[in-house]
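Q: sequence and predicted structure are below.
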Amino acid sequence: MTFSLSLLGFGMPGMQEILVVAVIVLVLFGSSKLPLFMRNLGRSANEFKKGMKDSLDEDGNRKDESPAS
C-alpha cells in the first residue's frame, strides 16, 4: 500500500495554516527565544550544506569511496 498525504486529505499548507503555526510557535517560545532558535536553525542548515558539499569532490564523486582496482 502506498502512503500518500493526499489519501489522508492533507495537502500543501495555506496562508492561514502557516499563520496559526507561527502564532503557536511565538506563544510557546516567546519573542526573546525565537530569534535565537531561528539563528541556530540557520547555522545548522549551513553546516549541513557545507558538510554535503565537502563530502563530494570536484567530479561529483564521494571522497570516501576508493576507486575499484
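A: Perfect, thanks for sending it. This one's a predicted model, so the numbers in the text were calculated from it and none came from an experiment.

Q: where does the chain have low pLDDT?
A: 1-9, 57-69 (pLDDT under 70).

Q: what segments of it are helices?
A: Under the criterion DSSP state H, the chain carries helices at the ranges 15-54.

Q: what's around Phe29, how many residues?
A: Phe29 has 14 neighbouring residues, counting by other C-beta atoms under 10 Å. In this view, the C-beta of every residue, glycine as well, is placed from N, C-alpha and C.

Q: now stretch 16-31: buried residues?
A: Neighbour-count burial for stretch 16-31, counted by 16 or more other C-beta atoms under 10 Å, picks out no residue.

Q: which other residues reach that stretch?
A: Residues from elsewhere that reach stretch 16-31, judged by C-beta atoms under 8 Å, 6 or more residues apart in numbering: Pro13, Leu34, Phe37.

Q: any idea how far Asp54 is from the second one?
A: Between Leu34 and Asp54 the computed distance is 30 Å (C-beta to C-beta, to the nearest Å).

Q: tell me which of the two has more neighbours.
A: More neighbours surround Leu34 than the other of Leu34 and Asp54, with 14 against 9 (other C-beta under 10 Å).
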